[in-house]
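Q: 3D, please:
(chains A and B)
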Amino acid sequence: MKKLVNFFLFCILLFSLFSSLSLAQETNQSKEINIYFFWAEGCPHCSAEKVFLSKLDEKYDNLDIHILEVTKSRENAELLAKIGNELNADVSGVPFTVIGKQYFIGWYNEETTGKAIEDAVQCVIKNHCADIVSGLITQITQKEQPVSKNLIPEKLNLPIIGEVETKSLSLPILTMLIAGLDGFNPCAMWVLLFLISLLFGIQNKKRMWIFGGGFIAASAFIYFLFMTAWLKLVTFLGFILWVRLAIGSVALWAAYSNFKEYFTNPTGGCKVTGEKKRQKVFEYLKKIITERNVIIAFLGIVALAFAVNLIELVCSLGLPAVYTQILALSNLPGWLYYLYLILYVFIFILPLLFIFIISMKTLQLTGISTKHGRIARLISGIIMLILGLLMIFKPELLMFG
Amino acid sequence: MKVLKFGAVWCSGCIVMKPRWQEIEKENSWLKTEYYDFDKDKEAVEKWKIDKNLPTFVFLGKNGKEFLRLHGEPSKEELLKVINENKNK
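A: Numbering: from 1, shown residues only, chains lettered A, B, ... in the order given. Next up is the predicted model:
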């Protein structure tokens, strides 16, 4: 073990030595292409673009990246305003990047915004486009250090497991943790329990499996759809500061609600609420179960699963919303977002699956202790508090990938 | 002594408590218990004012008066302790 630790320390040392050597080489090279990168502290999309610019800096020898923070430096903010006038561009949002005559507002990912930035660099290289900003700059008063080089190796070769990307390690763990906590208090559980109790009455095993399975599959699907839609929304709006602050506030509210539930309901148990809603669902389910046509009955159950899960989304106390915001902050390939959402939903429905399968096998209603749910609420509260604070004050720490 | 047990099919905690009570009843055959479904037995629910959370266990003395009420998921040991301490009530 000690040898392994020493080996890793040696690797890190070697890596940082090479990094500093290459940095020294770069500073000696002539810089021809200027990139003006305006950013604000606490802006996650700016941090994502910074990482990309760092890679771009390594790829091209002749880049000069001017990193200009606009909230702390009045000169930088004034320069940005001047550039906005010159280019007739809206400079109310950051990141704002200028290369030659081209400018870019916001940051989506490396495949889109990143590619457009690199194309602009290529354009300057090939066409020697004029540098609009250099004419405007009388002096850049606050030129910061080049983008910091990473001292932690991006990939590790682990025995048995193989090559693992260090940055991507924590997101799967966080996904499983949040989804697991969300799953411990699945708000659709009471409907499933009622459905199973009714299914016992129909004495038709095949129908029982189809109806129960259909309900769980539809619940998973609507959850996935909701989270995908939410992810699209926050990815689109995520660079706006107030959206991030709003979701951070949702996390803090969720933390408060979880703590409150934990301390005010020390004995566990199920709260008696929504009398009318419950009666409606019961009546509807009774009707569906006795429907002779299996297809109509199945569609009825799927429709109910959709309705119940949508209505009950609020009861999940912001966990899926906060999780999708973390995903949106992360810089991942498009397909990986969906894979994470599938992982989340799968873990989320595990308790429902467990209850259904055990009940079907034993032909007895099976429940999950509400005491576990109570502990899950306490852990949820702590995690939501940490995530909420990070999202508001240190969002860059929540950026994976 | 008599124990009124209030539960519902949609309540996971009530389902968890069922086998726990079955064991206690088997070991203490003298103990009288009655189960009421929260959605079906409205009369008993209203009479005993069950309106907070489920399951709820109402402990009655010989005179039919309530002397203790428990909510949630008490352990078998906790329930046995209450039962044995109040055996003669």
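Q: just the helices in chain A please.
A: A:2-28, A:44-59, A:74-87, A:115-127, A:132-136, A:170-184, A:189-202, A:205-237, A:241-264, A:275-289, A:294-311, A:319-329, A:334-362, A:370-393 (DSSP state H).
Q: quick test: name the residue nearest the centre of chain A.
A: Central residue of chain A (CA atoms, centre = their mean): residue A:327, 1.4 Å from the mean position.
Q: for the stretch 51-200 of chain A, give me the ranges with low pLDDT.
A: A:128-130, A:132, A:134-169, A:185-186 (pLDDT under 70).
Q: need the residues of it near chain B, please.
A: By CB under 8 Å from any CB of the partner chain, the residues of the stretch 51-200 of chain A that approach chain B are A:189-191, A:193-194, A:197. Just so you know, the C-beta spots here come from the backbone N, C-alpha and C atoms, and that holds for glycine as well.
Q: doesn't residue A:46 make contact with residue A:69?
A: No - contact criterion CB atoms under 8 Å: residue A:69 and residue A:46 do not qualify, at 9.0 Å.
Q: deepest-packed of the helices of chain A, please.
A: Most buried of the helices of chain A by mean neighbour count (mean count of other CB atoms under 10 Å in any protein chain shown) is helix A:319-329; its value is a mean of 25.
Q: tell me what angle that helix forms with helix A:241-264.
A: Angle of helix A:319-329 versus helix A:241-264, following axes from the mean of the first three to the mean of the last three CA atoms, to 10 degrees, is 150 degrees.
Q: elements contacting helix A:319-329?
A: helix A:170-184, helix A:205-237, helix A:241-264, helix A:334-362, helix A:370-393 (3 or more CB pairs under 8 Å, 6 or more residues apart in numbering or on different chains; DSSP states H and E).
Q: angle of the fourth one against helix A:370-393?
A: It refers to helix A:334-362. Using the same axes, to 10 degrees: helix A:334-362 against helix A:370-393 is 170 degrees.
Q: just checking, what packs against helix A:334-362?
A: Using 3+ CB pairs under 8 Å, 6+ apart, helix A:334-362 is in contact with helix A:170-184, helix A:189-202, helix A:205-237, helix A:319-329.
Q: returning to that earlier point: mutual contacts of residue A:69 and residue A:46, please.
A: Overlap of the contact sets of residue A:69 and residue A:46 (by CB atoms under 8 Å, 6 or more residues apart in numbering or on different chains) consists of A:39-40.
Q: wait, the residue nearest to the centre of chain A touches residue A:339, no?
A: No - contact between residue A:327 and residue A:339 fails when scored by CB under 8 Å: they sit 10.6 Å apart.
Q: so who does the residue nearest to residue A:252 when sequence neighbours are not counted touch?
A: Spatially, and ignoring its direct neighbours in sequence, residue A:252 is nearest to residue A:388 (3.9 Å; CB to CB, 6 or more residues apart in numbering or on different chains). Residue A:388 sits next to A:248-252, A:254-255, A:322 when contact means CB under 8 Å, 6+ apart.
Q: just to revisit the earlier point, compare the helices and strands packed on helix A:334-362 and give me the one nearest residue A:378.
A: helix A:170-184 (9.9 Å; CB to CB).
Q: any idea how far that closest one is from the chain center?
A: When distances are taken as CA atoms, centre = their mean, to the nearest Å, helix A:170-184 is centred 12 Å away from the chain's centroid.
Q: picking that back up, okay if I get the residues of the stretch 51-200 of chain A next to chain B as CSV plus distance to residue B:51?
A: Output for these, formatted as CSV (distance: CB to CB, whole Å):
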residue, distance to residue B:51
A:189, 21
A:190, 17
A:191, 21
A:193, 20
A:194, 20
A:197, 22
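Q: what's the closest of those residues to residue A:279?
A: Nearest member of these to residue A:279, counting by CB to CB, is residue A:194, at 11.1 Å.
Q: and the closest residue to the closest one other than its chain neighbours, what does it touch?
A: Spatially, and ignoring its direct neighbours in sequence, residue A:194 is nearest to residue B:10 (4.6 Å; CB to CB, 6+ apart). Going by CB under 8 Å, 6+ apart, residue B:10 touches A:190-191, A:193-194, A:270, A:278.
Q: and the helix or strand of chain B with the lowest mean pLDDT, which strands flank it?
A: Lowest by mean pLDDT, DSSP states H and E among the helices and strands of chain B is strand B:53-54, with a mean of 86. Each strand that pairs with strand B:53-54, with its direction, by DSSP bridges: strand A:270-271 (antiparallel).
Q: what about the strand it pairs with, distance to the chain center?
A: 31 Å.
Q: average pLDDT across that strand?
A: Strand A:270-271 comes out with an average pLDDT of 78.
Q: give the contact list for residue B:7.
A: Residues in contact with residue B:7 (CB under 8 Å, 6+ apart) are B:14-15, B:17-18, B:35-38, B:54-55.
Q: for the residues you listed, which one is nearest residue A:213?
A: residue B:15 (20.1 Å).
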